[in-house]
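Q: Fold the following, please.
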Amino acid sequence: MIKTTVRINGIKCSMCEAKISEGIKDAFNVSEVNVSKEKGMAEIISKDDITNDKIKELIDDLGFEFVSSSNESIKNKCFISRLFHK
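A: Here you go, the predicted model:
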């Protein structure tokens, strides 16, 4: 799994959060999206890498200002997995 963190300017309210979240879900094959107006960012969990160019284009098309993005590989952190893989 890959965690993509996207810094975004212009997220003012919960409607903005929902617009970005739905846009990401519609554009990419993701398992989780969390958008925070307080932090000015979106965190995306996906199986496949989301390129900087593609997420920038989407954020710009949604009417917000893309600032930056970064990707990191994450391991499955489910409860059962942690029990057996300490």
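
Q: Would you check that residue 49 makes contact with residue 70?
A: No. With contact defined as Cβ atoms under 8 Å, residue 49 does not reach residue 70; the gap is 11.5 Å. No exception for glycine: its C-beta is placed from N, CA and C like everyone else's.

Q: Identify the contacts common to these two.
A: residue 4 (Cβ atoms under 8 Å, 6 or more residues apart in numbering).

Q: can you tell me which helix in the chain is longest?
A: The residue-count maximum for a helix in the chain (DSSP state H) belongs to helix 14-27.

Q: Which positions within it qualify as buried?
A: Residues of helix 14-27 classed as buried: 16, 17, 19, 20, 21, 23, 24 (neighbour count, 16 or more other Cβ atoms under 10 Å).

Q: Where does the prediction get shaky in the protein?
A: For the chain, the stretches flagged by pLDDT under 70 are 76-86.

Q: swap the cut-off to 80 and go again
A: Filtered on pLDDT under 80, the chain yields the residue ranges 75-86.

Q: those helices in it, which residues are they?
A: Residue ranges of the helices in the chain, as given by DSSP H, are 14-27, 52-61, 79-84.

Q: Output the ones you listed in TSV, with distance to residue 34 appended to each entry.
A: Output for the helices of the chain, formatted as TSV (distance: least, Cβ to Cβ, whole Å):
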stretch	distance to residue 34
helix 14-27	8
helix 52-61	15
helix 79-84	20
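
Q: Of these, which is nearest residue 41?
A: Closest to residue 41 of the helices of the chain is helix 14-27 (Cβ to Cβ; 9.9 Å).

Q: quick one: the closest one to helix 52-61, angle?
A: 140 degrees (axes from the mean of the first three to the mean of the last three Cα atoms, to 10 degrees).

Q: Take helix 14-27, keep the C-alpha atoms, and write them as PDB.
A: Output of helix 14-27 as PDB, limited to C-alpha atoms (Å, rounded to 0.1, in the frame of the first residue of the first chain):
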ATOM      1  CA  SER A  14     -16.400  20.700   5.100                       C
ATOM      2  CA  MET A  15     -17.900  21.100   1.700                       C
ATOM      3  CA  CYS A  16     -14.400  21.700   0.300                       C
ATOM      4  CA  GLU A  17     -13.200  18.600   2.100                       C
ATOM      5  CA  ALA A  18     -16.000  16.500   0.600                       C
ATOM      6  CA  LYS A  19     -15.400  17.900  -2.900                       C
ATOM      7  CA  ILE A  20     -11.700  17.000  -2.800                       C
ATOM      8  CA  SER A  21     -12.400  13.600  -1.200                       C
ATOM      9  CA  GLU A  22     -15.000  12.600  -3.800                       C
ATOM     10  CA  GLY A  23     -12.800  13.900  -6.600                       C
ATOM     11  CA  ILE A  24      -9.900  11.700  -5.500                       C
ATOM     12  CA  LYS A  25     -12.200   8.700  -5.000                       C
ATOM     13  CA  ASP A  26     -13.600   9.200  -8.500                       C
ATOM     14  CA  ALA A  27     -10.200   9.700 -10.200                       C
END
